[in-house]
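Enquirer: Based on what follows, work out the 3D shape:
(2 chains)
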Amino acid sequence: EAGVAQSPRYKIIEKRQSVAFWCNPISGHATLYWYQQILGQGPKLLIQFQNNGVVDDSQLPKDRFSAERLKGVDSTLKIQPAKLEDSAVYLCASSLAPSDEQYFGPGTRLTVT
Amino acid sequence: DQQVKQNSPSLSVQEGRISILNCDYTNSMFDYFLWYKKYPAEGPTFLISISSIKDKNEDGRFTVFLNKSAKHLSLHIVPSQPGDSAVYFCAASVQGAQKLVFGQGTRLTINP
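Expert: Next comes the predicted model:
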């Protein structure tokens, strides 16, 4: 079974630029999560999707971050414009259902200069 | 407000000995607790979990203990092996395995 795929693996941008990350969950997984992991901290949930609907985006900085999962499969997380403090690893995870075990992708390491 | 805390950033243990990783939480509504293991350049992988109705769960070399009155859980690995060297995250939730709140992680190094 293929795992959660993420791309790109690394991205370096200047502040005020835009960036997008892509995630393809495990086939059949209805629930998809985006996390932000700042160096030295644990992952922090940004947004949770159930199929193509948002379940929880209470910790998503909506003035600059957006996410979508239009067809209920893969998902895109965008930052526009980026700030220095957005430097982090962005992790995507998926699960069969909301209370099931989450499987994480390898993450995208973003550096904002 | 850090609801889940892992106060030891790092731990070094000799191969074959017991590794004990600790985690404290403040939210009494948490009813499900998990441990994740993370290797460099990889995402976290699920290791073991425990529901608040239990005080111990065992899976091979890994055992998780939950002390609800102290709001404390620990992960025991015995015997420790070199492949156990990784960062370990404690996580908690109020709704099964979703909406996880993670600790800061503890880097475990197993020395030969």
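Enquirer: so what's residue B:36 bridging to?
Expert: When bridges are assigned using DSSP bridges, the partners listed for residue B:36 are residue B:46, residue B:89.
Enquirer: Pull the contacting residues for it.
Expert: When contacts are counted by C-beta atoms under 8 Å, 6 or more residues apart in numbering or on different chains, residue B:36 is found next to A:104, B:44-47, B:88-89, B:91, B:102. Every C-beta, even on glycine, is put in place using the N, C-alpha and C of the backbone.
Enquirer: pretty sure residue B:111 contacts residue B:14?
Expert: Yes. Contact status for residue B:111 versus residue B:14: in contact at 5.4 Å, counting by C-beta atoms under 8 Å.
Enquirer: give me every residue that touches residue 24.
Expert: Here I'm looking at chain A. By C-beta under 8 Å, 6+ apart, the contact set of residue A:24 is A:4-6, A:73-74.
Enquirer: um, chain B though
Expert: The neighbourhood of residue B:24, defined by C-beta under 8 Å, 6+ apart, consists of B:4-7, B:70-72.
Enquirer: ok, now with 7 Å
Expert: With contacts defined as C-beta atoms under 7 Å, 6 or more residues apart in numbering or on different chains, residue B:24 is in contact with B:5, B:71-72.
Enquirer: Go through these and name the one nearest chain A.
Expert: residue B:5 (9.8 Å; C-beta to the nearest C-beta).
Enquirer: who's in contact with residue 81?
Expert: I'll assume chain A. So residue A:81 contacts A:16-18, A:64 (C-beta under 7 Å, 6+ apart).
Enquirer: The chain in question should be chain B.
Expert: Residues counted as contacts of residue B:81 (C-beta under 7 Å, 6+ apart) are B:15, B:110.
Enquirer: Just the buried ones out of the contacts of residue A:24, please.
Expert: For the contacts of residue A:24, a burial check counting by 16 or more other C-beta atoms under 10 Å in any protein chain shown picks out A:4, A:6, A:73.
Enquirer: how many neighbours does the spatially closest residue to the first one that is not a sequence neighbour have?
Expert: In space, and not counting its chain neighbours, residue A:4 is closest to residue A:105: 3.5 Å by C-beta to C-beta, 6 or more residues apart in numbering or on different chains. As a burial measure, the neighbour count of residue A:105 was computed by other C-beta atoms under 10 Å in any protein chain shown and equals 24.
Enquirer: quick one, phi psi at residue B:82?
Expert: Backbone geometry at residue B:82, expressed as degrees, to the nearest 10, gives phi -50, psi -30.
Enquirer: Neighbours of it, how many?
Expert: Other residues close to residue B:82 by other C-beta under 10 Å number 10.
Enquirer: What sits closest to it if chain neighbours are left out?
Expert: Closest to residue B:82 by C-beta to C-beta, 6+ apart is residue B:110, at 5.1 Å.
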